[in-house]
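Trainee: pasted the sequence and its predicted model underneath.
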Protein chains: 2
Amino acid sequence: MSDYNLKEEVTDKYSLRGRVFHKIREDILNGKYKENDELREAAIGDELGVSRTPVREAFRQLELEGLIRIVPNKGAYVTGITSKDVADIYMIRSLLEGLCAEWASEHITEEQMQEMEENVYLSEFHAGKGHTEQIAVLDNRFHEILYEACDSKMLEHLLKDFHQYVYRVRKQTLSQDSRGNASNHEHREIMEAIKAHDGERAAELAKLHMLKAYENIKQKGLLKE
Amino acid sequence: MSDYNLKEEVTDKYSLRGRVFHKIREDILNGKYKENDELREAAIGDELGVSRTPVREAFRQLELEGLIRIVPNKGAYVTGITSKDVADIYMIRSLLEGLCAEWASEHITEEQMQEMEENVYLSEFHAGKGHTEQIAVLDNRFHEILYEACDSKMLEHLLKDFHQYVYRVRKQTLSQDSRGNASNHEHREIMEAIKAHDGERAAELAKLHMLKAYENIKQKGLLKE
DNA sequence: TAAAGTATGATTGTATACAATAATACAGGA
DNA sequence: TCCTGTATTATTGTATACAATCATACTTTA
């Protein structure tokens, strides 16, 4: 991430609208607000101690992020994710993560490579100890490093959006299952392919990684509908 | 597009914010506001006869669409598209249009198939007459039909966004060049593959179509920087 | 003259007041 | 009872007022 974006991100968090935006998003992702819940501007404004104006603006952004859906003159509702949506996203992601891994093989920096290696080592460590919380955090971070390493603002932004979008689903899967070990092994393979600058192999592995992750979700029957 | 979305889209255009949003977007895409131009809330509000409130909300949406960039406490600026951005987008699009064509081969409806055939015929007709304006419109529409036919809200939304994003660049290419004929031929091939429900071939053709379109843009030297 | 500080104006950020719209409840008539 | 029209209330949509921030020009001082 460029310094510029970083700065924007930070300043954003210090504006009311930014805080409201991040707070609501978090509440949706963590399940405080559930599918089809109606979000009222005044209520949320009161809760956060601000007026409706910044809340409205945050709503407009959340809508474009796909987390809520605004019906004119009616209200804002938390969007549901159907099982088809998830399936589609994983198919799309498998293609894009492949491309991302390929590009990362060419453009990854020393620092990013190092962080990725550390990430893999740490994940394996925590997997051995059964630290599910840390594993989830590291898993998220692994993919973020990958996104940043591809050196494409466009692709990075896109993948981060999707990544966040399926967070609600992913949270449930990574927590209590045996996929953690398999996932870690796949991360290691991707990491090594990137380290060897073998873009083709990295792409193939990243694609497979996504497809397997989806298979796991599907088998676990974690999707409603 | 589902009835539901259609309705939202329409009602949206009747709200002030919706009108402001569409107007500013159009002005950016058509080049009235150029790269790095600063957009002032009050000025645009005056011009459109509304207050700053709906303008501000439209800005927030335009930012997430990637058309403008908002610097807190400073202002809103029209984002530039670098040549790398365009290159990345076309690579991403080639993958996604391929997936889209593949899915469309399975899910396209009778009506969509018919409109697509009509579109191809009409394009060839206008190409023969040198009607550049109609060709551009039909080209846009061809891809939109494809997006709608894949029967995936996620992918459709994504591709429409990208499609719009490179509109500024595409407008220049399709207008005065010989690529029109080649492009029409590629459209016909894609259309026929979809009609034959040959998803694999449709995907391959759609991918190639994107890569060739990009090659054309690059050769024409239409990209600054 | 150059640099730093300060005042001024312009612009965005937020709160609030009012208008428009939609949902609900209730009354009246068939 | 059920349907329909109307009144009421709640909620969103927009305009405006005020606060905070930033940019600029000017003044002061070394």
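Mentor: Ah, there it is.

Trainee: ok, A:Glu35 - contacts?
Mentor: Counting by CB atoms under 8 Å, 6 or more residues apart in numbering or on different chains, A:Glu35 touches A:Val78, A:Thr79, A:Gly80, A:Ile81. Every C-beta, even on glycine, is put in place using the N, C-alpha and C of the backbone.

Trainee: can I get these in CSV with secondary structure, pLDDT and distance to B:Met210?
Mentor: Putting the contacts of A:Glu35 into CSV (DSSP: H, G, I helix; E, B strand; the rest coil; pLDDT from 0 to 100; distance: CB to CB, whole Å) gives the following:
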residue, secondary structure, pLDDT, distance to B:Met210
A:Val78, strand, 94, 35
A:Thr79, coil, 90, 29
A:Gly80, coil, 82, 32
A:Ile81, coil, 84, 28
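
Trainee: show me the helices in chain A, by range?
Mentor: A:3-14, A:16-29, A:41-48, A:52-64, A:83-107, A:110-129, A:132-149, A:153-165, A:167-175, A:179-195, A:199-219 (DSSP state H).

Trainee: circling back to that earlier point, I'd like to know which of the contacts of A:Glu35 are buried.
Mentor: A:Val78, A:Thr79, A:Ile81 (16 or more other CB atoms under 10 Å in any protein chain shown).

Trainee: show me what contacts the first one?
Mentor: Just to be clear, that refers to A:Val78. A:Val78 makes contact with A:Ile28, A:Tyr33, A:Lys34, A:Glu35, A:Asn36, A:Asp37, A:Leu39, A:Leu67, A:Ile68, according to CB under 8 Å, 6+ apart.

Trainee: quick one, what contacts the first one?
Mentor: Meaning A:Ile28. By CB under 8 Å, 6+ apart, the contact list for A:Ile28 reads A:Leu62, A:Leu67, A:Ile68, A:Val78, A:Arg168.

Trainee: give the buried residues for stretch A:51-70.
Mentor: Within stretch A:51-70, the residues scored as buried using 16+ other CB under 10 Å are A:53-64, A:66-70.

Trainee: one step back: among the contacts of A:Val78, which are in reach of DNA strand C?
Mentor: Counting by CB under 7 Å from any atom of the strand, nothing from those sits close to DNA strand C.

Trainee: so what does A:Lys34 look like in phi/psi?
Mentor: phi -100, psi 170 (degrees, to the nearest 10).

Trainee: how many neighbours does it have?
Mentor: A:Lys34 sits with 10 neighbouring residues when counted by other CB atoms under 10 Å in any protein chain shown.

Trainee: also A:Glu111?
Mentor: Taking other CB under 10 Å as the criterion, the count of residues near A:Glu111 is 10.

Trainee: for it, give its distance to A:Leu159.
Mentor: From A:Glu111 across to A:Leu159, the span is 20 Å (CB to CB, to the nearest Å).

Trainee: residue contacts, the closest residue to chain B within chain A?
Mentor: Using CB to the nearest CB, the single residue of chain A nearest to chain B is A:Leu64, 3.9 Å away. Shown in contact with A:Leu64 (CB under 8 Å, 6+ apart): B:Gln61, B:Leu64, B:Glu65.

Trainee: again, but for A:Arg201
Mentor: Here A:Arg201 is in contact with A:Ala193 (criterion: CB under 8 Å, 6+ apart).

Trainee: ok, A:Asp27 touching A:Tyr33?
Mentor: Yes: using CB atoms under 8 Å, A:Asp27 is in contact with A:Tyr33, at 5.3 Å.

Trainee: more crowded one of those two?
Mentor: Just comparing A:Asp27 and A:Tyr33: by other CB under 10 Å the higher neighbour count belongs to A:Tyr33, 20 against 17.

Trainee: quick one, phi/psi of that one?
Mentor: Note on A:Tyr33: backbone dihedrals following degrees, to the nearest 10 are phi -100, psi 130.

Trainee: tell me the pLDDT of it.
Mentor: Per-residue confidence (pLDDT) for A:Tyr33: 92.

Trainee: again, but for the one 4 residues further on
Mentor: Predicted confidence (pLDDT) for A:Asp37: 93.

Trainee: ok, it to DNA strand D distance?
Mentor: Using CB to the nearest atom of the strand, to the nearest Å, A:Asp37 is found at 11 Å from DNA strand D.

Trainee: now that residue: closest residue in space, sequence neighbours ignored.
Mentor: Excluding its sequence neighbours, the residue lying closest to A:Asp37 (CB to CB, 6 or more residues apart in numbering or on different chains) is A:Val78, at 4.7 Å.

Trainee: for chain A, list the residue farthest from the centre, please.
Mentor: Distance from the C-alpha centroid of chain A, by CA atoms, centre = their mean, peaks at A:Asn73 (31.2 Å).

Trainee: now narrow the buried residues of stretch A:51-70 to whatever sits close to DNA strand D.
Mentor: Among the buried residues of stretch A:51-70, the ones lying near DNA strand D by CB under 7 Å from any atom of the strand are A:Thr53, A:Arg56, A:Ile70.

Trainee: got any ranges where chain A has weak pLDDT?
Mentor: Along chain A, the model assigns pLDDT under 70 to residues A:1-15, A:171-178, A:221-225.

Trainee: interface residues of it facing DNA strand D?
Mentor: By CB under 7 Å from any atom of the strand, the residues of chain A that approach DNA strand D are A:38-42, A:52-53, A:56, A:70, A:72-76.

Trainee: which residue is the nearest non-sequential neighbour of the closest residue to DNA strand C within chain A?
Mentor: In chain A, the residue that lies nearest DNA strand C is A:Leu16 (2.8 Å; CB to the nearest atom of the strand). Spatial nearest neighbour of A:Leu16, excluding adjacent residues (CB to CB, 6+ apart): A:Pro54 at 4.4 Å.

Trainee: ok, now which ones touch that neighbour?
Mentor: By CB under 8 Å, 6+ apart, A:Pro54 lies in contact with A:Ser15, A:Leu16, A:Arg17, A:Val20, A:Gly45.

Trainee: between the residues you listed, which sits nearest B:Lys212?
Mentor: Comparing the contacts of A:Pro54 against B:Lys212 with CB to CB places A:Arg17 closest, at 43.2 Å.

Trainee: which residues sit in contact with that closest one?
Mentor: A:Arg17 is in contact with A:Pro54, A:Glu57, A:Ala58, counting by CB under 8 Å, 6+ apart.

Trainee: wait, the last one sits on A:Val20?
Mentor: Yes: A:Ala58 lies in contact with A:Val20 (CB under 8 Å); the separation is 4.3 Å.
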